[in-house]
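Undergrad: Give me a model of this one.
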Amino acid sequence: MIGEKNRMMKRIIHTAAAAACAVMLLCIRQPVSVQAKNIMDNGDFKFMISDDGSSAKLISYKGQSLYVSVPAEVESCPVTSIGAAAFRSNSELKELEIPQSVHTIENCAFEGCTSLKKVQIPGNVKEIGDSSFAGCTSLTDVAIDDGIGTIGKYAFSGCTSLEALHLPNSLDYIGDYAFLNCTALSVPGIPMSLKYFGGYALENTKWMNSQKGEFVSVGDGILIRYNGESKVKSLPDKIKTVGSHCFAGNKNIEQIMLPGSAVSIETSAFEGCTSLNNIYIPSSVSYIGSRAFSGCTSLSGINLPNGLNTIEENVFSGSGLTEIHMPPALSNINKGAFAECHKLETADLGTSVRKIGEEAFKNCDYLKSVVCPQSLREIEKNAFEGCTRLTRVEFNGDTKLAPSAFNECPNLHYAAFYKNPTGVEENAFNRTPKLTIYSDNNQSLNEYASRNGLQSDTLKNLPLSDENVKLEEENNDEGMFSSGYTFLTVLIILADLSAVILTSIYILFIDPKQRRRRHDKALAQAAERRRKADEKYLSEKSSGRKAPPEGSTNQKRPAAPKGAPVQRAVRSGQPAQRPGEPKKRPPVSGDTRPVSRPRPTDTKTFKRPPSGDTRTFRKPPKE
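TA: Numbers count the residues shown, from 1 in each chain. Just a heads-up that it's a prediction; the model follows:
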């Protein structure tokens, strides 16, 4: 479990680093198109004055002072905000004073001021922007007066010297990763006024590392972390909000029961909980944040609370849902809400849905039919793109269809319009070759079908069921699978037979020839070496070369007395004839070259010399 937590921490840090880079890119200011008369430059500070002259924004600071006090006004205009990246990467600044006139500190305003140690933020400031003080590694003293309502994403992330911070009671929003990696930070008290506490806002801080309980909550019942290992868990009654990323990536949890006090489930609360297969959500819950159940591949069904008004972006994307029933109060299904739900077969849209967002049901491969309620006013682009098994869609109200709303639905056969629609955009049914549009003989729909190469018919001819179509498609799929499987099997058998035949041919015909060629080549090379050696010897003998010095291995030995046994000349480094060995053949008289003969264990036979060899061989004298 410790290793799993370490891996989880690494993923959190990597994700946070990637998100921080994205925020930094967003903080790079684009050129602002303003008239020169609105810019006020007094040397150290540069301001932009509003068109009506009611306020001014500090947009950059070029000075080198260690202690900076931001002017309260310029040209009789109050300075109400410190612009994005105004002091960014100023390595000289140590202490900062912000006037009461400032209401907003924008994104990245003091990011990377590595020497900044002390800052006083007055209560008139309502918002501290994203990454405003990120990476201020020397910052130790931050005073935030009562009145501030929002601390943005990464606002103080990476302030490794920050040890204590008092959060005012007016604070109601702390963004994701706000104090990430403030390793020395302790928070004396988190106000009860908080309505949103961002994911990993206090991750890798001294305060968070000291929380050892099973549940970690802040403010008024905001659950921000679960440290347990149970597979089945009921949350405490005091919990009102399941915080952002609270259970994200938990592979153990299988069943969860939320208490009746719960009112909201925040962003990515259960994202990536691949073992989660059952969750009870009470009717008191009125908000489910984006990606709350994204990637919950074991979650096959869920009962949405009756008070839910909107399904946010990507709430169930990539989950294992097989069916979904919209609650009666639901009015909006936002972008990608059920995208990539490859097991989803039934989607009951309820009675009050007014809009289906972009890619809401994209690539729901097993979705078979869609009945749009009378309340539905708009289906945005690519909402049902890639629903390859969708065969029927019915429109009971005046519904506007955006381009590619039903793109790439190759098995869509029936589109029934029970009311005349006000707008069906071109290519709304793109790449649906089998589609027939049924209406009450609506001229605009008939013309649309004609323009796009589709068929049209009247409602009275609409088949009541598409079971035959589905069975036909299923049979075709089975036949295709069966034929494909048979073809693959035959292909594998042929490949095996080919391999056996080729191996046999190689062993029987090719390999012996290669071995014979290699043997003949070796013999030819040996004969060539012997020929060259004989030519060299004869040339040296005919040129009358002086006798080698005494002691040389090539020195001629005196002839043996008549009748004495003939000894074989022994090369340097070779052993003499051993006792018991067969008698060696004596050299030819007058030939002092060493005689090389096969060893007794050598069973090779000597062949006749090749044609063209002009050497003469003398018979040895008889003993």
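
Undergrad: rest of the way, CA atoms for contacts and neighbours
TA: Fine.

Undergrad: SS state for L376?
TA: Assigned with DSSP: H, G, I helix; E, B strand; the rest coil, L376 falls in the coil class.

Undergrad: Correct me if wrong: it contacts E394.
TA: No: at 11.4 Å, L376 does not count as touching E394 under the criterion of C-alpha atoms under 8 Å.

Undergrad: Counting neighbours, go ahead and name the busier of those two.
TA: Taking other C-alpha atoms under 10 Å, L376 and E394 do not tie; L376 has more neighbours (23 against 16).

Undergrad: which stretches of this structure have low pLDDT?
TA: Low-confidence segments of the chain (pLDDT under 70): 1-37, 466-485, 544-623.

Undergrad: quick one, helices of it?
TA: Assigned by DSSP state H, the chain shows helices spanning 2-27, 206-209, 443-451, 467-505, 511-542.

Undergrad: Can you list the buried residues in the second one?
TA: Neighbour-count burial for helix 206-209 flags K206, W207, M208 (criterion: 16 or more other C-alpha atoms under 10 Å).

Undergrad: Over to the third one?
TA: In terms of neighbour count (16+ other C-alpha under 10 Å), helix 443-451 has its buried residues at L445, N446, Y448, A449.

Undergrad: before we move on, what about stretch 187-196?
TA: Using 16+ other C-alpha under 10 Å as the test for burial, stretch 187-196 gives I190, P191, M192, L194, K195, Y196.

Undergrad: can I get the residues you listed in CSV with distance to E127?
TA: Shown next, in CSV, are the buried residues of stretch 187-196 (distance: C-alpha to C-alpha, whole Å):
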residue, distance to E127
I190, 17
P191, 17
M192, 18
L194, 14
K195, 15
Y196, 14
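
Undergrad: Mark which of those residues are part of strands, please.
TA: Here DSSP state E is the test, and the buried residues of stretch 187-196 give Y196 as lying in strands.

Undergrad: quick check, nearest of the buried residues of stretch 187-196 to V119?
TA: Lowest distance from V119 to the buried residues of stretch 187-196 (C-alpha to C-alpha) belongs to I190, with 20.3 Å.

Undergrad: quick one, what contacts that closest one?
TA: Neighbouring residues of I190 by C-alpha atoms under 8 Å, 6 or more residues apart in numbering: L167, V218, G219.

Undergrad: Please check the residues you listed and keep the buried ones.
TA: By neighbour count, with 16+ other C-alpha under 10 Å, those hold L167, V218, G219 as buried.

Undergrad: What sits closest to the second one if chain neighbours are left out?
TA: This points to V218. Residue nearest to V218 in three dimensions, not counting chain neighbours: I190, with 6.5 Å by C-alpha to C-alpha, 6 or more residues apart in numbering.

Undergrad: Same check on the last one?
TA: Once its chain neighbours are removed from consideration, G219 has its nearest residue in M192; the separation is 4.1 Å (C-alpha to C-alpha, 6+ apart).

Undergrad: List the contacts of that neighbour.
TA: So M192 contacts N169, V218, G219, D220 (C-alpha under 8 Å, 6+ apart).

Undergrad: 10 Å instead?
TA: The contact partners of M192, by C-alpha atoms under 10 Å, 6 or more residues apart in numbering, come to P168, N169, S170, L171, D172, V218, G219, D220, G221, I222.

Undergrad: cool, and V232?
TA: N252, I253, E254, Q255, I256, M257, L276, N278, I279 are the contacts of V232 under C-alpha under 10 Å, 6+ apart.

Undergrad: and with 8 Å instead?
TA: Contacts of V232 by C-alpha under 8 Å, 6+ apart are I253, E254, Q255, I256.

Undergrad: Ignoring the adjacent residues along the chain, who's closest to it?
TA: Nearest to V232 is Q255, by C-alpha to C-alpha, 6+ apart, at 4.7 Å.

Undergrad: What is the neighbour count of the one you found?
TA: Using other C-alpha under 10 Å, Q255 is surrounded by 17 other residues.

Undergrad: Then the one 5 residues further on?
TA: Counted by other C-alpha under 10 Å, the residues lying close to G260 total 17.
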